[in-house]
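S.K.: Sequence and predicted structure are below.
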Amino acid sequence: MTGTMVPLDHAVPEACTTPALFEATAAAVPDRPAVAMGETTLTYAELNSQANRLARRLVAHGVGPERLVVLAMPRSIEFVVAMLAVHKAGGAYVPVDPDYPEERRRHMLEAASAHCLLGLPGQAPAAMGVALEAGPPEPDLADQDRLGPLLPDHPAYVIFTSGSTGQPKGVVVTHRGIPNLAADYVRRQQLLPDSRLLAFASPSFDAAVAEFWPMWAAGGCLVLAPASDLIPGEPLAALVRDQGITHVTLPPSALAPLEEAGGLPAGLTLLVAGEACPAPVARRWARDRVMINAYGPTEATVAVTASEPLTGEGTPPIGRPITGVRTYILDNQLRPVPDGKVGELYTTGPGLARGYLRRPTTTAARFLPDPFGSPGDRMYRTGDRVRVGSDGQLLFVGRVDDQLKVRGHRIEPGEVESALLAVDGVAQAVVTAHDNRLVAYVVGAVSAEDLLPPLRKQLPAYLVPDLVVGLPSLPTSPNGKVDRAALPAPGTERAAAGRAPRTPMEILLAELFAEVLGVSSVGVEDSFFEIGGHSLLATRLVSRIRESLQIRLRVQAFFDAPTVARLAKVLEGALT
């Protein structure tokens, strides 16, 4: 820990709303930086005043408790102001990434049925604009300034997650669990007023909540950056160094590209989450820094358990329950399993979501009566299988269903499979994960080149398969169900698009493309991102190109020219 300041002397309230939590910090350290992006920094007093000003506009527009406000905005200080303003007005925000395909955005907007929409100019048609405004300090809102009292059990946000039925479902989360999460993370990560925490997660994912609120509870600075600077590898490594980042949360799969880019500063606190952390990753990254493994579903305010600092020895545990949380390991009859035995993880506590937005049947299937609590208590069925290790910490074993975690994203195969089956020519489709890639197995008279364009119009990038494997039929078990274990591993043979490479530069680049993608060959017109590539592999490819050509190549330049032919022209021009 590199901080030198003492912790704030105000305690995080056990049960309060997020405005009360933020306003307590703003009163304690008004002149400390609260959020920074590029050349713009707002102090706690400035951010509080900006949010108060917008909140009063929202109240006048009819926003209050139990009302939803869509935030159709990219990561920005304006997003932070808007999010805080919605909370101060009493409403709950629904983040909708403006880069999502139009069909997905339309479904989310229809499902939310929000009271109003906030967006930056040009980002969201018919939206109320959000802009930083100069002016005298704006006082905090009290309940008499709102349409009604704001209580901890009112909704704070709605996050849409992948849905097994083919459509994303909104999880309604209240204010009540956020102070518990913040208090635990402040202690666990030793956050101080001079800490600088990088906001790596997209605001459209609940992981951002675990970055914003612990940092603000500690009085430190939340550092934002454009998505192009957050690509694991050299861009992210440079950002961490240049911005003096002291704390960051990353999926374990993002660490390999950082290794190739020179790693992370010693002393930085690293929290990993979003997917299972392999033992070799913990062994490498637990050296020279505090490294914590956290676990939790969207339905329980981001985090349910977290480990003590990892030692790098053995299988990384997912830890013990965080502040205020209870966990149960149960068998299929909801009975506790003996210590050391594998069972399904259930959780309860203040962070438990209300349920799924306007989906009472789905809510009832996942949020069950808590047989070990008081009357009316509920528990959430996570679908994850765990056991207690010899040190008393929980160890993740696997899933009871087909849900996947790929590059930190929670994926319901059914949603992707539904999109595949909607494409003409697809008779059957199964989606699974292999080597941290999303793989689609398809039966039908259709090629990958035909499949991917319609999928991109419907699904966000993280749900579009990295690889498409054509099969004459899907393997089945004796009971007639698809046997996922019998699906063949994705092969390396593929048909290259367009002509073969001709120039020395094209030949070299084609070899490097194929090496990084793990395929036999690529064509010069193949787009890296349409034949299995993603941002993590892109940084690895850029690194290999730099090594081979001894040339400086920005990752963003590769994103602008993702084929062998186009990149060859860029590099040949740079070398002349």
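M.R.: Good, I have the coordinates. None of the values given here were measured: they were computed from a predicted structure.

S.K.: can you tell me how far residue 485 sits from residue 510?
M.R.: Counting by Cβ to Cβ, to the nearest Å, the gap from residue 485 to residue 510 is 34 Å. C-beta here means a position set from N, CA and C on the backbone, and glycine is covered the same way.

S.K.: Between these two, which has more neighbouring residues?
M.R.: When neighbours are counted by other Cβ atoms under 10 Å, residue 485 and residue 510 differ, and residue 510 comes out ahead with 21 against 8.

S.K.: Point to the helix or strand of the protein where mean pLDDT is at its lowest.
M.R.: Comparing every helix and strand of the chain by mean pLDDT, DSSP states H and E singles out strand 128-129 as the least confident one, with a mean of 74.

S.K.: What is that strand packed up against?
M.R.: Where contact means 3 or more Cβ pairs under 8 Å, 6 or more residues apart in numbering; DSSP states H and E, strand 128-129 is packed against strand 116-119.

S.K.: tell me the average confidence for whichever helix or strand comes after the least confident helix or strand of the chain?
M.R.: Where DSSP states H and E defines the elements, the next helix or strand beyond strand 128-129 is strand 155-161. Throughout strand 155-161, pLDDT has a mean value of 96.

S.K.: Grab the longest strand from the chain for me.
M.R.: For the chain, the strand that runs over the most residues, judged by DSSP state E, is strand 378-388.

S.K.: what pairs with it, and is each one parallel or antiparallel?
M.R.: Strands that pair with strand 378-388, judged by DSSP bridges, come out as strand 343-348 (antiparallel), strand 367-369 (antiparallel), strand 394-399 (antiparallel).

S.K.: Now tabulate those strands in a markdown table and tack on mean pLDDT, distance to residue 88 and mean neighbour count.
M.R.: Listed next are these as a markdown table, based on pLDDT from 0 to 100; distance: least, Cβ to Cβ, whole Å; neighbours: other Cβ atoms under 10 Å:
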| stretch | mean pLDDT | distance to residue 88 | mean neighbour count |
| --- | --- | --- | --- |
| strand 343-348 | 97 | 29 | 23 |
| strand 367-369 | 98 | 28 | 15 |
| strand 394-399 | 94 | 37 | 17 |
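
S.K.: what does the domain assignment say about this protein?
M.R.: By the record's domain assignment, the chain is partitioned as 415-486, 504-575 (automatic domain parsing).

S.K.: Which one of those domains lies nearest to residue 398?
M.R.: Taking Cβ to Cβ as the criterion, residue 398 comes closest to domain 415-486 out of these, the separation being 12.3 Å.

S.K.: first to last residue in that closest one, what's the distance?
M.R.: 21 Å (Cα to Cα, to the nearest Å).

S.K.: do the same with stretch 63-73
M.R.: Length of stretch 63-73, first residue to last, Cα to Cα: 18 Å.

S.K.: ok, and for it, which residues are buried?
M.R.: By neighbour count with 16 or more other Cβ atoms under 10 Å, stretch 63-73 contains the buried residues 63, 64, 65, 67, 68, 69, 70, 71, 72, 73.

S.K.: State the mean pLDDT of it.
M.R.: Per-residue pLDDT over stretch 63-73 has a mean of 96.

S.K.: and it, how far from the chain's centre?
M.R.: Remark: stretch 63-73 is offset 21 Å from the chain centroid, using Cα atoms, centre = their mean, to the nearest Å.

S.K.: residue ranges with poor pLDDT in this protein?
M.R.: Low-confidence segments of the chain (pLDDT under 70): 1-4, 6, 9-14, 120-127, 164-166, 477-480, 491-499, 576.

S.K.: Longest helix in the chain, please.
M.R.: Looking only at the chain and at elements set by DSSP state H, the helix with the highest residue count is helix 44-60.

S.K.: Buried residues of that one, list them for me.
M.R.: Within helix 44-60, the residues scored as buried using 16+ other Cβ under 10 Å are 44-56, 58-59.

S.K.: going on from it, what's the next piece of helix or strand?
M.R.: Tracing the chain C-terminally past helix 44-60 and defining elements by DSSP H and E, one meets strand 68-72 next.

S.K.: Tell me the neighbouring strands of that next one, and mark each as parallel or antiparallel.
M.R.: For strand 68-72, the paired strands and their directions (DSSP bridges) read strand 92-95 (parallel), strand 116-119 (parallel).

S.K.: closest one to residue 441 among the ones you listed?
M.R.: Taking the strands paired with strand 68-72 one by one with Cβ to Cβ, strand 92-95 is closest: 32.2 Å.

S.K.: Could you point out the helix or strand that follows that closest one?
M.R.: Tracing the chain C-terminally past strand 92-95 and defining elements by DSSP H and E, one meets helix 102-112 next.

S.K.: Buried ones in that next one, by neighbour count?
M.R.: By neighbour count, and taking 16+ other Cβ under 10 Å as the criterion, the buried residues in helix 102-112 are 104, 105, 107, 108, 109, 111, 112.

S.K.: For the third one, which non-adjacent residue is closest in space?
M.R.: Closest residue to residue 107 apart from its sequence neighbours, by Cβ to Cβ, 6 or more residues apart in numbering: residue 167 at 6.1 Å.

S.K.: now that neighbour: how far from residue 45?
M.R.: Look at residue 167 and residue 45: by Cβ to Cβ, they are 42 Å apart.
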